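Undergrad: generate coordinates for the sequence data below:
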Amino acid sequence: MPGTAALPLPRTPVLVLTDPHGVRRVLVDNARGYGKGTIQYRALAGVTGPGLLASDGGTWRRHRRVAQPAFHHGSLGSVAAHAVDAARRLVAEVDALAPGRPLEVLGATSRTSLEVVGHTLAAADLSGVAERLVDTVGAALEVVVARAASPVPERWPTPARRRLRALVAEIDAVCARIVAQRRAAGRLDDPAAPPEDLVGLMLAAGMDEREVRDELVTFVVAGHETVASSLTWTLDLLARHPRVQQRLHAELAGVLGAPGAAREPGWDDLRRLPYTRAVVDESLRLYPPAWVVTRQALADDVVAGVAVPAGTLVVISTWALHRHPDVWEQPEEFRPERFLDGTRRELGYVPFGAGPRLCIGRDLALVEEVLVLATLLRGHAVRPVPGPRPAVEALVSLRPRGGLPLLVERLAGSPA
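TA: Here you go, the predicted model:
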């Protein structure tokens, strides 16, 4: 597998990177030498605005500083509790299915993740309004992805562009409603008890409503869609690797009790579930939600021995990096135990990015995923349905094309 490929295109040179050292150069060692002024982020900003995902410079630093307390380690206990509550409702949904009827996993994990995101964003159950926001953002992103493949000039008033404008206007209206609800809830001005939710923190910091709107949409993309995608692929991998699932069940039984008497997991159990966490890590390796990352060189540089002129578009293939044979033995295999040996793999493992732009919600996502899996699988097993495995659809995140049905069955001894 080559680590770099320089493409001398007529207008903008392109460097495709899968080399671990080259990726580290761009994301960590010389991160300030690369910006987000790329086609990918400009297209994304058409929906999210200049939020944390698409912004650079002073805007990014100010917004990151304001948002950080919502993702601080001290806030994760609350996230854990909401994740277990949401997963409990997922279990009820599973148990209500008719015998032999599969669960549509992507839809189910999307609803579960949405519930957790609502509490993190605005300290409230936003199920109704947030579901509308998620659906509208998803539709807008589909238009953006389709436009990216179109040669039609930007200035032409195509039906797709008119639809995008309408969807963005609807996103603005939903976000305004969420902000208004959060203002009405109060608790923004008490220095002794500052808000812990993202919207409350931004309003208390004096950010205007447009800035708050941009970060709301950004975290719907980065904090909801990516977690739902990752949980979906994790359950698919477990269904297709029964020995891995058996080992996970054994760990859950050892920590939480046998299925008939299993208790719910919680914040204090996270360190006692290393294999469950390793399953999540390995799934993120094989199906990284951020499957490609782009940067633009702000000045001349040398990356992995290749001269990189200023203006070069650098395309980091996370998918290929996570399968680099110099870093991973049997890279195509699903082997969670590779994450149990304590080996540090920063050079070849960047599911949440790396360096100063490391995803602010990394720890939140990992807490949520581990506890949702533990809550569901302490009393249930997943099995594949007959037929071919769904193809991978590479949109903003990686999705199973057409959804992912799985059979979810109670373990022997689990209460009905």
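Undergrad: from here on, just use CA atoms for contacts and neighbour counts.
TA: OK.
Undergrad: OK, contacts around the spatially most central residue of the chain?
TA: For the chain, the residue nearest the mean C-alpha position is Thr226 (2.5 Å; CA atoms, centre = their mean). Residues near Thr226 by CA atoms under 8 Å, 6 or more residues apart in numbering: Pro289, Ala290, Ser397.
Undergrad: ok, the closest residue to the first one other than its chain neighbours to Ala222 distance?
TA: The shortest distance from Pro289 to any residue that is not its chain neighbour, by CA to CA, 6 or more residues apart in numbering, is 4.6 Å, and that residue is Ser397. Ser397 sits 9 Å away from Ala222 when distances are taken as CA to CA, to the nearest Å.
Undergrad: kindly report the same for Pro194.
TA: For Pro194, the distance to Ala222 - CA to CA - is 24 Å.
Undergrad: could you do Asp269 as well?
TA: Distance of Asp269 to Ala222, computed by CA to CA: 26 Å.
Undergrad: looking at those two, which one has more neighbours?
TA: Per other CA atoms under 10 Å, whichever of Asp269 and Ala222 has more neighbours is Ala222, with 22 against 16.
Undergrad: confidence score at Pro242?
TA: At Pro242, the predicted lDDT confidence score is 97.
Undergrad: can you get me a residue count around the residue lying closest to Leu340 once chain neighbours are set aside?
TA: Residue nearest to Leu340 in three dimensions, not counting chain neighbours: Ala278, with 6.7 Å by CA to CA, 6+ apart. For Ala278, the count of nearby residues is 19 (other CA under 10 Å).
Undergrad: doesn't Asp341 make contact with Ala278?
TA: No - at 10.2 Å, Ala278 does not count as touching Asp341 under the criterion of CA atoms under 8 Å.
Undergrad: shared neighbours of these two, anything?
TA: By CA under 8 Å, 6+ apart, no residue touches both Ala278 and Asp341.
Undergrad: the helix ranked longest in the chain: which residues count as buried?
TA: The longest helix of the chain (DSSP state H) is helix 159-185. Within helix 159-185, the residues that count as buried by 16 or more other CA atoms under 10 Å are 161, 164, 167-168, 170-172, 174-176, 178-179, 182-183.
Undergrad: in contact with Asp300, which residues?
TA: Counted by CA under 8 Å, 6+ apart, Asp300 has contacts Ala307, Val308, Pro309, Ala310.
Undergrad: returning to that earlier point: the residue nearest to Pro289 against Glu225, yeah?
TA: Yes - with contact defined as CA under 8 Å, Ser397 and Glu225 form a contacting pair (7.2 Å).
Undergrad: tell me which of these two has more neighbours.
TA: Between Ser397 and Glu225, counted using other CA under 10 Å, Glu225 has the larger neighbour count: 23 against 20.
Undergrad: and the pLDDT for that one?
TA: 82.
Undergrad: do the same with Leu27
TA: Leu27 is given a pLDDT of 94.
Undergrad: what about it, distance to Asp363?
TA: In terms of CA to CA, Leu27 sits 19 Å off from Asp363.
Undergrad: which of those two has more neighbours?
TA: Higher neighbour count among Leu27 and Asp363: Leu27, with 22 against 15, using other CA under 10 Å.
Undergrad: the more buried one reaches Gly355, doesn't it?
TA: Yes - applying CA under 8 Å as the test, Leu27 and Gly355 come out as touching, 5.7 Å apart.
Undergrad: and Ala297, how many neighbours?
TA: 22.
Undergrad: strands along the stretch 1-150 of the chain, start to end?
TA: With DSSP state E, counting those that start in this stretch as the criterion, the stretch 1-150 of the chain has strands at 4-7, 14-17, 34-35, 103-104.
Undergrad: so which elements touch the third one?
TA: Applying 3 or more CA pairs under 8 Å, 6 or more residues apart in numbering; DSSP states H and E, we find strand 34-35 packed against strand 292-297.
Undergrad: name the residues of the strand it packs on that are buried.
TA: Under the neighbour-count rule (16+ other CA under 10 Å), strand 292-297 has Val292, Val293, Thr294, Arg295, Gln296, Ala297 buried.
Undergrad: swap in stretch 382-392?
TA: For stretch 382-392, by 16+ other CA under 10 Å, it's Val382, Arg383, Pro384, Val385.
Undergrad: can you name the residues that contact the residue nearest to Pro289?
TA: Glu225, Thr226, Ser229, Pro288, Pro289, Ala290, Trp291.
Undergrad: the third one is in what secondary structure piece?
TA: Take DSSP states H and E as the rule and Ser229 turns out to sit in helix 226-240.
Undergrad: just the CA trace of that helix, in PDB.
TA: Extracted in PDB, the C-alpha atoms of helix 226-240 (Å, rounded to 0.1, in the frame of the first residue of the first chain):
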ATOM      1  CA  THR A 226     -21.200   9.700  13.600                       C
ATOM      2  CA  VAL A 227     -22.100   7.900  16.800                       C
ATOM      3  CA  ALA A 228     -25.200   6.300  15.200                       C
ATOM      4  CA  SER A 229     -23.000   5.100  12.300                       C
ATOM      5  CA  SER A 230     -20.400   3.700  14.600                       C
ATOM      6  CA  LEU A 231     -22.900   1.800  16.700                       C
ATOM      7  CA  THR A 232     -24.500   0.400  13.600                       C
ATOM      8  CA  TRP A 233     -21.300  -1.000  12.200                       C
ATOM      9  CA  THR A 234     -20.200  -2.300  15.700                       C
ATOM     10  CA  LEU A 235     -23.400  -4.300  16.000                       C
ATOM     11  CA  ASP A 236     -23.100  -5.600  12.500                       C
ATOM     12  CA  LEU A 237     -19.500  -6.800  13.200                       C
ATOM     13  CA  LEU A 238     -20.600  -8.500  16.400                       C
ATOM     14  CA  ALA A 239     -23.400 -10.200  14.600                       C
ATOM     15  CA  ARG A 240     -21.000 -11.600  12.000                       C
END
